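1. Only the shape, not the letters, is given here:
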């Protein structure tokens, strides 16, 4: 699915139910609520997915974003949390060894718990929002800029362009994702969760939320990394002895997916911290951990083809406000 390359956009990172923070950010950006919808006289918003889960006002955030999209004031792409919600309710295909595309494990139940609780009095609304998730594209290609939740893989996206209608999931593709190592599973994992590598030497990591990991998230733009530490891209780093482990040539080649001369790329997903800034002149992550009392971040895109550090706009999330 494409956006208008001539239009000016405000690209906005992961919201995770922080509806009041989103309203403050839109107000800061010059949007005003008219007829129940946030609007700007000359700009449109682009939301990078992960509207749901974790935060205190998930239902309100979904209504705000949906109403902007429905009124032609915004685009929104699918995040991995919206996909988790779809997979939770989708029966897995016969022979997959699963009951649902997203199995009802303690991990996924915990990730979706706040959303389930907040929509418990509104089951019809929750069903309607899941139907809307099926209309959200996995990626947007605006020619001079691109948008995906976690990782732009041009080879996979070319194949998805042949398979999907404007990058939107269909029921058969969603169900196919229930097979490990199917094309649907691999493509969704890459675009919505990014690249990763197994931790070396049998090491495991425990995340802030208490999950044990045997893999870590990696950069997909480093041209000549030498060690595991050179490619880690997640809030919790690697132990020093793991970070020093050399990468093989095969590992390096598999990780490098987005070159420095490609169009501007905007992603969310990665729980960054600190002052928002470009990762590279053509790459920005706009997820700055709003729901963990970080920042809700936007980038004001005009006609530039390289990122301007002065065009990041954000609001700080103060406890306990959302």
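-> Received it, and whenever you're ready, just let me know what you need. Everything quoted here is computed from the prediction, not taken from an experiment.
2. What is the end-to-end distance of stretch 196-206?
-> 16 Å (CA to CA, to the nearest Å).
3. Across the sheet, point out what pairs with the closest residue to residue 73 other than its chain neighbours.
-> Leaving aside its sequence neighbours, residue 73 sits nearest to residue 39 (CB to CB, 6 or more residues apart in numbering; 5.2 Å). C-beta: built from backbone N, CA, C; applies to glycine. Note on residue 39: beta-bridge partners by DSSP bridges are residue 32.
4. looking at it, residue 39 is touching residue 67, isn't it?
-> No - between residue 39 and residue 67 there is no contact, the gap being 10.2 Å when judged by CB atoms under 8 Å.
5. Tell me how far the residue nearest to residue 73 lies from residue 30.
-> Between residue 39 and residue 30 the computed distance is 10 Å (CB to CB, to the nearest Å).
6. Which one's more surrounded, these two?
-> residue 39 (18 against 13; other CB atoms under 10 Å).
7. May I have the strands that pair with the helix or strand bottoming out on mean pLDDT in the chain, each with its orientation?
-> Across the helices and strands of the chain, mean pLDDT, DSSP states H and E gives its lowest value to strand 205-206, namely a mean of 78. Sheet pairing of strand 205-206 (DSSP bridges) gives strand 212-213 (antiparallel).
8. all helices for the chain, in order.
-> 19-28, 58-70, 80-89, 106-119, 123-133, 154-163, 171-176, 183-193, 228-231, 240-243, 249-255 (DSSP state H).
9. Tell me which of the ones you listed lies nearest to residue 308.
-> helix 19-28 (17.5 Å; CB to CB).
10. The closest one relative to helix 58-70, how many degrees between them?
-> 40 degrees (axes from the mean of the first three to the mean of the last three CA atoms, to 10 degrees).
11. So, low pLDDT: which residues of the stretch 201-322 of the chain?
-> 208-209, 320-322 (pLDDT under 70).
12. Mind jotting down where the strands sit in the stretch 201-322 of the chain?
-> Assigned by DSSP state E, counting those that start in this stretch, the stretch 201-322 of the chain shows strands spanning 205-206, 212-213, 215-218, 264-267, 283-285, 287-288, 295-301, 312-316.
13. With residue 138 as the reference, measure out to the nearest residue to residue 281 once chain neighbours are set aside.
-> Among residues not flanking residue 281 along the chain, residue 306 sits closest, at 4.5 Å (CB to CB, 6+ apart). Per CB to CB, residue 306 is found 25 Å from residue 138.
14. Counting neighbours, go ahead and name the busier of those two.
-> Neighbours per residue (other CB under 10 Å) separate residue 306 from residue 138, with residue 138 holding more: 25 against 9.
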